[in-house]
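[1] can you look at this prediction? I've put the sequence above it.
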Amino acid sequence: MYFRDYLIEHFDIADKYEKLKLRLWEEYEYDRDGYTAAKNEFVQKYTEKAKRLYVNRY
């Protein structure tokens, strides 16, 4: 939920995430685990930022 809320409020990051997912989709079209692992660093980075920003939200 942190990551989702962060993307809703930060359109520039949501745009970067969309572009990352499209690029990775081409590379990992038949490798779901690889696709998930490849976007993990991005998701973790912005989830941590969101947790600091929304410290007592959830």
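    Structure's in. What do you need?
[2] so what's the residue nearest the centre of the chain up against?
    In the chain, the residue lying closest to the centroid (CA atoms, centre = their mean) is Val43, at 3.5 Å. Contact analysis of Val43 by CB atoms under 8 Å, 6 or more residues apart in numbering lists Phe3. In this view, the C-beta of every residue, glycine as well, is placed from N, C-alpha and C.
[3] distance check, it against Leu22.
    Plainly put, Val43 is 15 Å away from Leu22 if you go by CB to CB, to the nearest Å.
[4] try Lys16
    Distance, Lys16 to Leu22, by CB to CB: 11 Å.
[5] which one's more surrounded, those two?
    Ranked by neighbour count (other CB atoms under 10 Å), Lys16 and Leu22 place Lys16 first, with 14 against 9.
[6] so what's that one up against?
    Lys16 makes contact with Phe42 under the criterion CB under 8 Å, 6+ apart.
[7] for Ile8, which non-adjacent residue is closest in space?
    What sits nearest to Ile8 in space, not counting adjacent residues and going by CB to CB, 6 or more residues apart in numbering, is Ala14, at 7.5 Å.
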